[in-house]
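[1] could you work out the structure for the sequence below:
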Amino acid sequence: MSIQDILPYRLPNFKNKRLLDPHVVIVGAGASIAACKTDKNGREVPLLKNIHNILRLTDELEKYNFSNEQMGDFEKLFSDIYGRDEYKDLQEKLEFEVCNYFSDLKIPDEPTLYDYLVLSLTEKDAIISFNWDPFLMQAYRRNIDVGNLPELIFPHGNSGVGLCNDCKVKGYAGCLCPNCFKALEQMPLLYPTGKKDYNSKSIIKNEWNRAKDVLSRAAGITVYGYSAPVTDVEAVELMKSAISISQMKDIAPFTIINLPENENEQRRKWSEFYDVKMVLYCNEFKQSLLWRNPRVSLETLFDAILQGQPRSTQKSFKEFSKLRELQDYVKTITEFDMCI
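    Numbers count the residues shown, from 1 in each chain. Here you go, the predicted structure:
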């Protein structure tokens, strides 16, 4: 009989002191705002509550006699008009303008928090993004030569992702399929409706299945700027189910990165997911395990709580003004550092 046989939770899987289970990061609009409040060309990154102002859609919405109060809650407004014949033209207009605006956003040249996030994880890990903006995909692309990067998953679609439906290939928007050399099509966006359909589009279904898989194996979860809005009922329920399957909620860390004024609400909202004793609340990314121990965040924690042997934090991230400096620094985090 092993110790695992008598424990009510699953122990993390290690090989040569290297964790095999993924660290999963769930990002929402707050993460994009923190990473790039404005893009390379000074364009503002919208939240859903102010998207009609930034995309200059107010006049269009007023034609349909929507009040300022209704326009102030774009998620509910879109959910109310979705699929209704009298709003067909408006729905198509909103979908076109949203996709067009987000597709044109460009990540700034200097290092952003998304660059740090991508480089803080490894290929066994995953980032699940519910955002439409292309910044995460662009950060991944420009850091790909560093190697050993996490999987990116987009259950709500993403403007930075291109698809070849014939070859079943997912790549960068605006590029060619590496197999048939046809231009990749824009990945569809899943818009805020009261009941989202994750099954009607095969790519969205596949992204959600990937999300469920990594969450069900996660040894730790970080929620970065994601508020789990009321229109994401299915997403929240599926996350609960996947996390329950992992059987690690009593021992795995659950980190919330959000604003100080949101702490009470966030702790209450996510308390259904994880043991409150394992919840770490951070006001910014720089306070998280991912910043303090990049690429070995969970190994560091489990060494401390299970082995009583905390690792050094001498390889913590530093602030760099140039992306190349950040990339060169990450390359100094060797396999020896990872497995010590």
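
[2] for stretch 100-108, give me every contacting residue.
    By C-beta atoms under 8 Å, 6 or more residues apart in numbering, the residues outside stretch 100-108 that reach it are 36, 39-41, 43, 45-46, 54-55, 114, 132-135, 138-139, 142, 159-160, 173, 186, 189. For the C-beta atoms, the positions are set from N, CA and C on the backbone; glycine is no exception.

[3] try 10 Å this time
    32, 35-46, 51, 54-57, 114-115, 131-139, 141-142, 158-160, 173-174, 186, 189, 323 (C-beta atoms under 10 Å, 6 or more residues apart in numbering).

[4] if any of those residues are buried, put those into a PyMOL selection.
    This is how PyMOL selects the buried members of these, with burial counted by 16 or more other C-beta atoms under 10 Å:
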select buried, resi 32+35+36+39+44+45+46+51+55+57+114+115+131+132+133+134+135+136+137+138+139+141+158+159+160+173+186+189+323
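
[5] so which of the contacts of stretch 100-108 belong to strands?
    Gln186 (DSSP state E).

[6] quick one, strands of the stretch 101-250 of the chain?
    126-129, 151-153, 161-164, 169-172, 185-186, 220-224 (DSSP state E, counting those that start in this stretch).

[7] can you redo the ones you listed as TSV with mean pLDDT?
    What follows is these, written out as TSV (pLDDT from 0 to 100):
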stretch	mean pLDDT
strand 126-129	96
strand 151-153	96
strand 161-164	91
strand 169-172	88
strand 185-186	88
strand 220-224	91
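
[8] doesn't Ser120 make contact with Lys286?
    No: Lys286 lies out of contact with Ser120 (C-beta atoms under 10 Å); the separation is 11.1 Å.

[9] tell me, what's touching those two both at once?
    Common neighbours of Lys286 and Ser120 (criterion: C-beta under 10 Å, 6+ apart): Leu113, Arg292, Phe317.

[10] and those residues as CSV, adding pLDDT?
    Formatted as CSV, the shared contacts of Lys286 and Ser120 follow (pLDDT from 0 to 100):
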residue, pLDDT
Leu113, 97
Arg292, 90
Phe317, 94
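
[11] ChimeraX command for the buried members of those residues?
    Here is the ChimeraX command that selects the buried residues among the shared contacts of Lys286 and Ser120 (16+ other C-beta under 10 Å):
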select :113,317
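
[12] dump the shared contacts of Lys286 and Ser120 into a markdown table; add distance to Met239 as well.
    Output for those, formatted as a markdown table (distance: C-beta to C-beta, whole Å):
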| residue | distance to Met239 |
| --- | --- |
| Leu113 | 23 |
| Arg292 | 25 |
| Phe317 | 27 |
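
[13] which among the shared contacts of Lys286 and Ser120 gets closest to Gln327?
    Ranked by distance to Gln327 (C-beta to C-beta), the shared contacts of Lys286 and Ser120 are led by Phe317 at 12.1 Å.

[14] what sits against the nearest residue to Lys37 once chain neighbours are set aside?
    Excluding its sequence neighbours, the residue lying closest to Lys37 (C-beta to C-beta, 6 or more residues apart in numbering) is Val45, at 6.3 Å. For Val45, the contact set (C-beta under 10 Å, 6+ apart) comprises 29, 32-33, 35-39, 54, 101-102, 105, 131, 133, 135.

[15] ok, so of those, who is nearest Asp213?
    Closest to Asp213, out of all of the contacts of Val45 and judged by C-beta to C-beta, is Asn131, at 20.4 Å.

[16] that closest one against Ala31, yeah?
    Yes: with contact defined as C-beta under 10 Å, Asn131 counts as touching Ala31 (7.3 Å).

[17] and Pro294, how many neighbours?
    Using other C-beta atoms under 10 Å, the number of residues around Pro294 comes to 22.

[18] and what of the one 4 residues further on?
    As a burial measure, the neighbour count of Leu298 was computed by other C-beta under 10 Å and equals 21.

[19] go on, Gly83?
    Neighbour count of Gly83, defined by other C-beta under 10 Å: 9.

[20] got it, and the one 4 residues further on?
    For Tyr87, the number of neighbouring residues by other C-beta under 10 Å comes to 17.

[21] per-residue pLDDT of it, please?
    Note for Tyr87: predicted pLDDT of 89.

[22] wait, doesn't it sit right on Asn65?
    No: judged on C-beta under 10 Å, Tyr87 makes no contact with Asn65 at a distance of 11.6 Å.

[23] least confident of the contacts of Val45?
    Pick the lowest pLDDT in those and you get Ile54, at 85.

[24] quick one: contacts for that one?
    Per C-beta under 10 Å, 6+ apart, neighbours of Ile54: Arg43, Glu44, Val45, Pro46, Leu47, Tyr101.

[25] can you tell me how far it sits from Ala219?
    Distance, Ile54 to Ala219, by C-beta to C-beta, to the nearest Å: 38 Å.

[26] between Lys286 and Ser120, which has more neighbouring residues?
    A direct count of neighbours by other C-beta under 10 Å for Lys286 and Ser120 places Ser120 higher, at 28 against 15.

[27] Thr300 is in contact with the more buried one, correct?
    No: applying C-beta under 10 Å as the test, Ser120 and Thr300 come out as separate, 11.8 Å apart.

[28] list residues touching both of these two?
    Here Ser120 and Thr300 have Leu289, Arg292, Asn293, Pro294 as joint contacts, going by C-beta under 10 Å, 6+ apart.
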